[in-house]
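Visitor: Any chance you can model this:
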Amino acid sequence: MLNAIHHTAISTGDLDRLIRFYRDLLGFEVEREFSWDKGIEIADNITGLKDSASKAAMLKLGDFRLELFQFSSPAPKLSDINRPVCDHGLTHLAFTVTDLDAEYERLVSSGMVFHCPPQDAITAKVTYGRDPDGNVVELMEMTE
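Guide: This next block holds a predicted model:
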């Protein structure tokens, strides 16, 4: 039986940059950092990779955790930082906020790129932005 989502993971080419974004701009705390070198059989078994090596961090916001990986082996393929949300796969991370207009202005002034200003949807005010790797981050203020 499933109980809850524990975390979501993102692979990045620049772990420090993504930690700064999620920690400094979005308020996550770094729960722990870890790494492994090539030759760790259990890491290869779990990831389904051969000769994997990575440094990583587990970040926490409330009960949600976000795991960030920077693989040095095998060589990762670059992704399209403008990948449309209609493409198959995970499309975005969604966060509730208490004052979306203020949060939007704060993040824009810090350099975060958004698809649009906050929009009034049926039950919430919503906008999509992108982290430094192009992953879509949804901010939503519930109105009902």
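Visitor: Next, please give the residue ranges for the strands of this structure.
Guide: Secondary structure of the chain by DSSP state E: the strands cover 7-11, 29-36, 53-61, 64-73, 93-96, 113-114, 119-120, 124-130, 136-142.
Visitor: so where is the chain shaky, pLDDT-wise?
Guide: Within the chain, the ranges that satisfy pLDDT under 70 run 1.
Visitor: Could you check the angle the longest helix seen in it makes with strand 136-142?
Guide: Using DSSP state H, we find that the single longest helix of the chain is helix 100-109. If you take axes from the mean of the first three to the mean of the last three Cα atoms, to 10 degrees, helix 100-109 sits at 150 degrees to strand 136-142.
Visitor: Please produce JSON lines containing the strands of the chain, extended by distance to Arg106 and mean neighbour count.
Guide: All C-beta spots, glycine's among them, are computed from the backbone N, C-alpha and C. Below are the strands of the chain laid out as JSON lines (distance: least, Cβ to Cβ, whole Å; neighbours: other Cβ atoms under 10 Å):
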{"stretch": "strand 7-11", "distance to Arg106": "22", "mean neighbour count": "14"}
{"stretch": "strand 29-36", "distance to Arg106": "18", "mean neighbour count": "12"}
{"stretch": "strand 53-61", "distance to Arg106": "16", "mean neighbour count": "18"}
{"stretch": "strand 64-73", "distance to Arg106": "20", "mean neighbour count": "18"}
{"stretch": "strand 93-96", "distance to Arg106": "13", "mean neighbour count": "14"}
{"stretch": "strand 113-114", "distance to Arg106": "12", "mean neighbour count": "14"}
{"stretch": "strand 119-120", "distance to Arg106": "18", "mean neighbour count": "10"}
{"stretch": "strand 124-130", "distance to Arg106": "12", "mean neighbour count": "19"}
{"stretch": "strand 136-142", "distance to Arg106": "11", "mean neighbour count": "18"}
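Visitor: got a markdown table for those, with distance to Ile46 too?
Guide: Output for those, formatted as a markdown table (distance: least, Cβ to Cβ, whole Å):
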| stretch | distance to Ile46 |
| --- | --- |
| strand 7-11 | 12 |
| strand 29-36 | 10 |
| strand 53-61 | 11 |
| strand 64-73 | 12 |
| strand 93-96 | 22 |
| strand 113-114 | 34 |
| strand 119-120 | 40 |
| strand 124-130 | 29 |
| strand 136-142 | 26 |
